[in-house]
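In: build the 3D model from these lines:
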Amino acid sequence: MTMMSVKNKKLLVFYGLSVLLGILVGLMGSALRFCIFYLEKFQQFASTLNVSNLFQVLGPIVVSVLFALAALYLVKRFANEASGSGVQEIEGRLLGLRKIFWRRLIPVKFIGACLAISSKMILGREGPTIQIGGNLGAMLSDYFKLNKTKTNILIGAGAASGLAAAFNAPLAGVLFILEEMREHFKVSAISFKSVIIACVMATIVVRLCMGPSPEIIMHHFSSPPLWSGILFFIFGLIVGVVGLFFNKILFVVLDLVAMLSFKQRLGFTVIVAGIIGLISYSMPNLVGGGYEIIGQSLQLKLSFQILILILIARFILTVFCYSTGVPGGIFAPLLAIGTLLGVAFGSLVVPLFYDSSLFTGMFAVAGMGGLFAACIRAPITGIVLIVEMTQNYQLILPLMITCITSTTVVQFANEKPLYHQLLQRLLPKNHER
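Out: The predicted structure is shown next:
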């Protein structure tokens, strides 16, 4: 009885650490949002100064370039592992192939992500929040001197709660660690509960700080007609091809950038950030993480040709922005591309059918989940994530059709998941699995 009591007390303490971890991740995620919001205001302010017409154009360009260069400097000078998304670093740590240096990573990732995302680069906050969450788990483990098993649980729970905090989607956070990191995270009753606790607490904190509204505010659709399943299947094939193409192009560009010298890489970053700054002056909603363009594409009546042009531009700029190596995630940009793809497809097929229960926005929702699933190879997470973000619970069936179809296309093409490939780029050849 005494031994059981001691065991239960230790377990209760560990669950208490999961609660603390979720609170810390929620606070960090909320702070990241606030900092990005106010830094973006500064970037926008540069274009409103009535010094001269030339300054109004150059102001946003200069701010974007300076922010991006500052973010890149922090990474290269203090914490190279803070580059890019960081999800692959967490996966590598859970496999025992990468080390975590949380003392330097947390401040560098936080400040670097604030600067890079505020520069209007096409990057998301979810990657940094996931990596910071995993590092907060490692921090608590070090402070409380936990063993390797419990350390890995807290790192995984921190990463999961990071996604929950970034997207205000607790269930998606739980599924992300179970699906995307299934090969890296050992699932048990204790680890599963720890992940749930951390995701719940992180989401509560974010909702207290930021409000309970869903991340994407849009119309709530009713269930589409059953016969439209064939349309979502066809759309899933298209999304799968786009996802496959995105992964291929991304790694081609990453390989090319890796061959550049440091000065050449600085020049590449200046060019990319400069283009982003120029676009942000005239069309601010077309750049940035993606939430603005998602809302715009759903509300404005754009022609098919314009949608395709915006889609291609976002596709190319997303690849280039991520390839600079500044801190920033790729989830939100993928959702924006998927939305544009869905709106473009829907604008073609919906007018062909005289059915009042079929809407273009349904394909936009399916496109978000489908492209996420295709690139990340996590269809269940993609389905739940989009449902939680849009609260379109009636679209689960079309989402399932699109996500499973797009994932199957990439699977049959023998394309490995995005983060698996990013992790392999970090490892010596003899560690490849």
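
In: low-confidence bits of the stretch 51-200 of the chain, can you list those?
Out: 51-56, 182, 184 (pLDDT under 70).

In: which residues of it fall in helices?
Out: 53-78, 87-94, 102-118, 126-143, 148-167, 170-179, 189-210 (DSSP state H, counting those that start in this stretch).

In: what does the stretch 301-433 of the chain give?
Out: Using DSSP H, counting those that start in this stretch, helices in the stretch 301-433 of the chain cover 304-323, 331-349, 360-376, 379-390, 396-412, 418-426.

In: nearest to Val195, out of the ones you listed?
Out: helix 379-390 (13.0 Å; CB to CB). Glycine gets a C-beta too; all of them are placed from N, C-alpha and C.

In: show me what the closest one is packed against.
Out: helix 148-167, helix 170-179, helix 360-376, helix 396-412 (3 or more CB pairs under 8 Å, 6 or more residues apart in numbering; DSSP states H and E).

In: can I get the longest one in CSV, CA atoms only?
Out: This file holds the C-alpha atoms of helix 148-167, laid out as CSV (Å, rounded to 0.1, in the frame of the first residue of the first chain):
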residue,chain,number,x,y,z
LYS,A,148,15.3,10.0,-20.0
THR,A,149,11.8,8.5,-20.4
LYS,A,150,10.0,11.3,-18.5
THR,A,151,12.2,13.9,-20.3
ASN,A,152,11.1,12.6,-23.7
ILE,A,153,7.4,12.7,-22.5
LEU,A,154,7.7,16.3,-21.5
ILE,A,155,9.5,17.2,-24.7
GLY,A,156,6.8,15.6,-26.8
ALA,A,157,4.0,17.1,-24.6
GLY,A,158,5.6,20.5,-25.0
ALA,A,159,5.8,20.2,-28.8
ALA,A,160,2.2,19.0,-29.0
SER,A,161,1.0,21.9,-26.8
GLY,A,162,3.0,24.2,-29.0
LEU,A,163,0.9,23.3,-31.9
ALA,A,164,-2.3,23.5,-29.8
ALA,A,165,-1.3,27.0,-28.7
ALA,A,166,-0.3,28.2,-32.2
PHE,A,167,-3.6,27.1,-33.8
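
In: now it: buried residues?
Out: 150-167 (16 or more other CB atoms under 10 Å).

In: now that helix and helix 379-390, what's the angle there?
Out: In terms of direction (axes from the mean of the first three to the mean of the last three CA atoms, to 10 degrees), helix 148-167 departs from helix 379-390 by 40 degrees.

In: what's the answer for the third one, then?
Out: For helix 360-376 against helix 379-390, the angle between stretch directions is 140 degrees (the same axes, to 10 degrees).

In: okay, now the domains of this structure?
Out: Following automatic domain parsing, one finds the domains of the chain at 2-210, 226-420.

In: the ones you listed: which one's closest to Ile217?
Out: Comparing the domains of the chain by CB to CB, domain 226-420 comes nearest, at 7.4 Å.

In: could I get the average pLDDT for the closest one?
Out: The average pLDDT for domain 226-420 rounds to 91.

In: can you point me to the longest helix in this protein?
Out: helix 2-45 (DSSP state H).

In: neighbours of the residue nearest to Leu27 when sequence neighbours are not counted, how many?
Out: Closest residue to Leu27 apart from its sequence neighbours, by CB to CB, 6 or more residues apart in numbering: Val205 at 5.9 Å. Other residues near Val205 come to 21 when the count uses other CB atoms under 10 Å.

In: and Val205, what does it touch?
Out: 22-23, 25-27, 29-30, 165 (CB atoms under 8 Å, 6 or more residues apart in numbering).
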